[in-house]
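S.K.: Predicted model follows, preceded by the sequence.
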Amino acid sequence: MRLGYILPETADATAFYESFEWDLPERYNIAGVALDERAPREEMALQHTDESGSVHEFTYQELANATDAVANALADTGVRSGDRVAVRLPTCPELLAIHLGAARIGAIVVPLSVLLGRDAVAGALDRTDPAVYVVDSAQGGPTGDGTTIAITPGDYDEGGALGALTDWAEPGATGPRAETSPDDSAGILFTSGTSGEPKGVLIPQSYLAGSLPGYHCWFHLFSVSDAAEARVWTPSEWAWAGALYDVVFPTLALGGTVVSRCRRSGFDPTAALDLLSDAAVSHSFLPPTALAKIRSAGVSEAPSTLDVVMCGGESLAPDLRRWAEGALEATVNVAYGQTEANATVGECRAAFDPTEGAMGRAYPGHEVTVVDDDGDPVACGERGELAVELPDPVAFLRYWDDQAATAETVRDGVLHTGDLVRRTADGSLVHLGRRDALIVSAGYRVDPLEVERAVVEHPGVTDAAVGGVPDEERGERVKAVVVPAANAGDDLDASVRSFVRDRVGAHKAPREVEVVDALPSSRTGKTARDDLF
């Protein structure tokens, strides 16, 4: 199975940009590309550190065996091509095998973050109606109407067996292979929207092919041999496009080694530095918030093997970039993408010098324009909306069960990102913010209406407004301004934060709650949000 584009055995950055050419075959499957493309069976695919600190290694053959076991188990459960398979596990080998096993049979994977609250999980399950839901037995919570399988990650036997899966997915014969095309559905990734309800982004099998050019460019991996020697890690959870399609699947497709660590709580900068060194990580995707926390913790000695860091998900301050390149002794490339169109724009220091304050240029294979409100291109230097020309392998298929939102995003043959930019004379793009009110906090896109809806459900709150305020570490932080009820009680701040965290997840919950007598109003009687945030 081909990668989806032509990759010379040897190449440099300039040649990659100048000669890039798509080569999408009629049949394309993410599991097939990730497991069957290049790496010898005995090479290491995954090095995982479990919760106890023990390190486990899995070869490509062992990962393929586990993937086949999952594919067989799903098929035996009655899952067919096009059915949904939801999974909510911390970063672990079992999670990877479930992703790949579902892809093998043409099922649509619905990854759910362990950070999500009860209501958010229940909503996602209700909307996608998965035939099978695999969940960490320690999490509990909503289960949906399909078959629920609870596992406890761990218990890795010698030889790479995934002990937590063996009761359900016993190793055995080669699993079924679906004959999927590049345009067939591969997953539903939930991301914040502007309607108060997260959007389910339906992505195609070709999403992996479309993400790979960016991977080559931001990590400076232009030859087959260099890519195969890479050891790549990100602290980002394997429920988001930035982890799965910027690190995990591309690394496997090119024969490298994915480095992972089980994580159920917040980012630990000291543990991250230890892992970068102990696991000999050569390339890493670190969001700006992670870099800021590492800077605060201090770096006594740079990780000796780290070569390139890709930084995305939010704006990277120039001073933080300079610090990271000095303290970590690594090249830092900024990259941009969104779930609807991943890895379309970014830097490649091996090919061109970055423009300070910009987020880079279009990566090979992707055509982007800057347009006005009517969809017409604007002149260089003028403010406009970033749009991705279609067709593009990395573009989403549609929003799940939301035709109106799909029609609003895809118009006249282009995908409207909602991000405002201007183009500089050298072709770089400078990000100027969002058209909507989305809050970008520590790389997560948070819809204030979703959070606001949860806040006003609190029995001690009669009215509320939610917005984003500047934060040196997170870019923005979520703030709630609330009007208390007569029976609000003491410490409404902590009570609201805990209440909302349980419903929408810790990454979306307010980090600041201000109690006021009344919300300010505009002339038309609407909440004057500009006076609050």
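M.R.: Right, received. Where do you want to start?

S.K.: The lengthiest helix in the chain packs against which elements?
M.R.: When the chain is parsed with DSSP state H, its longest helix is helix 60-77. With contacts defined as 3 or more C-beta pairs under 8 Å, 6 or more residues apart in numbering; DSSP states H and E, the packing partners of helix 60-77 are helix 30-36, strand 44-49, helix 93-104. Heads up, the C-betas are built off the backbone N, CA and C, glycines and all.

S.K.: ok, now with 10 Å
M.R.: helix 30-36, strand 44-49, strand 55-59, strand 84-88, helix 93-104, strand 132-136, strand 147-151 (3 or more C-beta pairs under 10 Å, 6 or more residues apart in numbering; DSSP states H and E).

S.K.: If I take it and helix 93-104, what angle do their directions form?
M.R.: If you take axes from the mean of the first three to the mean of the last three C-alpha atoms, to 10 degrees, helix 60-77 sits at 60 degrees to helix 93-104.

S.K.: In terms of residue numbering, what are the domains of this protein?
M.R.: Domain ranges of the chain: 13-165+174-423, 439-531, per automatic domain parsing.

S.K.: so how far does the first one reach from one end to the other?
M.R.: Same thing as domain 13-165+174-423. Across its full length, domain 13-165+174-423 reaches 22 Å between end residues, using C-alpha to C-alpha, to the nearest Å.

S.K.: what's the answer for the shortest one, then?
M.R.: Terminal residues of domain 439-531 are spaced 17 Å apart (C-alpha to C-alpha).

S.K.: Stretch 201-213 now?
M.R.: 21 Å.

S.K.: again with stretch 41-56
M.R.: Where stretch 41-56 begins and where it ends lie 17 Å apart, using C-alpha to C-alpha.

S.K.: what's residue 433 in contact with, if anything?
M.R.: 315, 383, 418-421, 440 (C-beta atoms under 10 Å, 6 or more residues apart in numbering).

S.K.: Buried residues, the helix or strand it falls within. List them.
M.R.: Secondary structure from DSSP states H and E places residue 433 in strand 429-434. In terms of neighbour count (16 or more other C-beta atoms under 10 Å), strand 429-434 has its buried residues at 429-431, 434.

S.K.: for stretch 215-229, same thing?
M.R.: So for stretch 215-229, counting by 16+ other C-beta under 10 Å, buried means 215-224, 226-228.

S.K.: centre of the chain versus that stretch, how much separation?
M.R.: 20 Å (C-alpha atoms, centre = their mean, to the nearest Å).

S.K.: Extract the CA atoms of it and return them as CSV.
M.R.: Taking Å, rounded to 0.1, in the frame of the first residue of the first chain, the C-alpha atoms of stretch 215-229 are listed here in CSV:
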residue,chain,number,x,y,z
TYR,A,215,5.5,15.9,9.1
HIS,A,216,8.4,15.7,6.7
CYS,A,217,8.8,19.4,6.7
TRP,A,218,8.5,20.4,10.3
PHE,A,219,10.7,17.5,11.5
HIS,A,220,13.2,17.8,8.7
LEU,A,221,12.9,14.2,7.7
PHE,A,222,13.2,14.0,3.9
SER,A,223,14.8,10.6,3.3
VAL,A,224,13.5,7.2,4.0
SER,A,225,16.5,6.3,6.2
ASP,A,226,16.3,9.5,8.3
ALA,A,227,12.5,9.0,8.9
ALA,A,228,13.1,5.3,9.9
GLU,A,229,15.6,6.3,12.5
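
S.K.: From residue 438, how far out is the closest residue to residue 439 other than its chain neighbours?
M.R.: Sequence neighbours aside, residue 468 is the residue nearest to residue 439 in space, at 3.5 Å (criterion: C-beta to C-beta, 6 or more residues apart in numbering). According to C-beta to C-beta, to the nearest Å, residue 468 and residue 438 sit 8 Å apart.

S.K.: ok, now residue 508?
M.R.: 11 Å.

S.K.: which one of those two has more residues nearby?
M.R.: Comparing residue 508 with residue 438 by other C-beta atoms under 10 Å, the one with more neighbours is residue 508, at 27 against 22.

S.K.: Show me the shaky parts of the stretch 101-250 of the chain.
M.R.: 157-167, 169-172, 192-196 (pLDDT under 70).

S.K.: which residues of it fall in helices?
M.R.: Taking DSSP state H, counting those that start in this stretch to define them, one finds helices in the stretch 101-250 of the chain at 118-128, 207-219, 224-229, 241-243, 249-253.

S.K.: chain center to the last one, what's the gap?
M.R.: Averaging C-alpha positions (C-alpha atoms, centre = their mean) puts helix 249-253 15 Å from its chain's average.

S.K.: need the contact list for the closest residue to residue 22 other than its chain neighbours.
M.R.: Nearest in space to residue 22, with sequence neighbours left out and distances taken as C-beta to C-beta, 6+ apart, is residue 5 at 5.2 Å. Applying C-beta under 10 Å, 6+ apart to residue 5 gives the contacts 20-24, 209-210, 212-213, 216, 364-365, 393.

S.K.: which residues do residue 508 and residue 438 both contact?
M.R.: Contacts common to residue 508 and residue 438, judged by C-beta under 10 Å, 6+ apart, are 192, 444-448.

S.K.: ok so, going back, give the rounded mean pLDDT of the strand holding residue 433.
M.R.: Averaging pLDDT along strand 429-434 gives 84.

S.K.: Name the next helix or strand downstream of it, please.
M.R.: Following strand 429-434 toward the C-terminus (DSSP H and E): strand 439-441.

S.K.: State the mean pLDDT of that next one.
M.R.: Rounded mean pLDDT across strand 439-441 is 87.

S.K.: What strands line up against that strand, and which way round?
M.R.: strand 444-446 (antiparallel) (DSSP bridges).

S.K.: which residues touch the strand it pairs with?
M.R.: Contacts for strand 444-446 (C-beta under 10 Å, 6+ apart): 113, 115, 191-193, 198, 236, 240, 287, 289, 313-314, 338-339, 434, 436-440, 466, 468, 474-478, 504-505, 507-510.

S.K.: Highest mean neighbour count across the helices and strands packed on helix 60-77, which stretch is it?
M.R.: helix 93-104 (a mean of 28; mean count of other C-beta atoms under 10 Å).

S.K.: on that earlier part again, closest one to residue 99 among the helices of the stretch 101-250 of the chain?
M.R.: helix 249-253 (8.3 Å; C-beta to C-beta).

S.K.: Output the contacting helices and strands for that closest one.
M.R.: helix 30-36, strand 44-49, helix 93-104, helix 207-219, helix 224-229, strand 231-233, strand 257-261.

S.K.: Same list (the ones you listed) but as a markdown table, adding distance to residue 16.
M.R.: Putting the helices and strands packed on helix 249-253 into a markdown table (distance: least, C-beta to C-beta, whole Å) gives the following:
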| stretch | distance to residue 16 |
| --- | --- |
| helix 30-36 | 19 |
| strand 44-49 | 24 |
| helix 93-104 | 27 |
| helix 207-219 | 6 |
| helix 224-229 | 12 |
| strand 231-233 | 18 |
| strand 257-261 | 22 |
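
S.K.: Nearest to residue 371, out of these?
M.R.: helix 207-219 (20.8 Å).

S.K.: distance between that closest one and the chain's centre?
M.R.: 14 Å.

S.K.: now stretch 456-472
M.R.: That offset, for stretch 456-472, works out to 26 Å (C-alpha atoms, centre = their mean).

S.K.: buried sites along it?
M.R.: 458, 460-461, 463-468, 471.

S.K.: Which two of those residues have the greatest separation?
M.R.: 460 and 471 (25.6 Å).

S.K.: For the buried residues of stretch 215-229, give me CSV that also has distance to residue 86.
M.R.: Formatted as CSV, the buried residues of stretch 215-229 follow (distance: C-beta to C-beta, whole Å):
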residue, distance to residue 86
215, 26
216, 31
217, 33
218, 30
219, 30
220, 36
221, 32
222, 37
223, 38
224, 35
226, 36
227, 31
228, 33
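
S.K.: coming back round to it: between the contacts of residue 433, which is closest to residue 268?
M.R.: Looking across the contacts of residue 433 and measuring by C-beta to C-beta, the closest to residue 268 is residue 440, at 22.3 Å.

S.K.: Lovely, talk soon.
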